[in-house]
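Asker: Take this sequence and fold it.
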Amino acid sequence: MQVSPGDKFGPYRIVALSSRSGMIEAHRAITIRSEPTPNCSAKHQIGMPDNTSVIAQGISAILFCFYGLYALFSASMVREFQRYGLDRFRVLTGLLQVAGSLGIMMGHFYSPLLLISSGGLTVMMLLGVITRVRIKDPLSAALPAFALGALNFFIFATAL
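Answerer: Below you'll find the model as predicted:
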C-alpha cells in the first residue's frame, strides 16, 4: 500500500511522510492530525465547561450556599453586619448568596444563568473586600472574600 500526503484513513489525514524508502519506514514516519468529529469535539462545539470550571462551580456553589444560610440564621452574622454598619443588608446578602449558589448550579445547564450568578457573586465579593478595608479589618480578614471573588471571576471568564 502506498500513501501520499493528503490521504485520509478514518478520522486521520496524513500530513507528512518520511523521505526514507520502504513502506514500513514511511509508515513509522507518518505524522497525523486528528480532524474534529462530532463525537469527540461536541463538548467544545457547544461550549460545555472543562473539568476545572466544573470543580470551581461546585466549590463556589457549596460555599455560597453555606455562607448565605449562615448570614440568614446565625446570631454571630447579625453582630458582624452590625459591626460593618450594614445590618439592614444582612438578609438581602444571605438571600443573594443562596440565589447565586443555586444559579451557579443551574448555570451548569444554562450558561446565561451561570454568567449572571458568577458575575453577581464576583461583584458581591469585591464589595465585601471594600467593606473590610473600609472598617479597617486586617487584610487577612478580607482574604476569603478576595479568594471567592477570584474564583467566581474565573467561572465568569470561562463561561464567556
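Asker: rest of the way, CA atoms for contacts and neighbours
Answerer: OK.
Asker: Tell me which helix or strand the closest residue to residue 71 other than its chain neighbours sits in.
Answerer: Excluding the flanking residues, the one nearest residue 71 by C-alpha to C-alpha, 6 or more residues apart in numbering is residue 94, at 5.0 Å. Assigned by DSSP states H and E, residue 94 belongs to helix 90-107.
Asker: looking only at pLDDT, what's the mean for that helix?
Answerer: Mean pLDDT, computed over helix 90-107, is 98.
Asker: where's the residue nearest to residue 71 relative to residue 50, distance?
Answerer: 29 Å (C-alpha to C-alpha, to the nearest Å).
Asker: ok, those two, which is more surrounded?
Answerer: residue 94 (22 against 11; other C-alpha atoms under 10 Å).
Asker: I'd assumed residue 109 was in a helix, is it?
Answerer: No: the assignment for residue 109, made by DSSP: H, G, I helix; E, B strand; the rest coil, is coil rather than a helix.
Asker: ok, how many other residues are close to it?
Answerer: Using other C-alpha under 10 Å: residue 109 sits among 12 other residues.
Asker: Dihedrals phi and psi, it?
Answerer: phi -100, psi -20 (degrees, to the nearest 10).
Asker: Need the residues that contact stretch 51-62.
Answerer: 100, 101, 102, 104, 105, 108, 148, 151, 152, 154, 155, 158 (C-alpha atoms under 8 Å, 6 or more residues apart in numbering).
Asker: May I see these arranged in TSV, with distance to residue 124 and neighbour count as well?
Answerer: Shown next, in TSV, are these (distance: C-alpha to C-alpha, whole Å; neighbours: other C-alpha atoms under 10 Å):
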residue	distance to residue 124	neighbour count
100	10	26
101	13	28
102	16	18
104	14	30
105	18	20
108	20	18
148	10	21
151	12	20
152	10	29
154	15	18
155	14	26
158	19	15
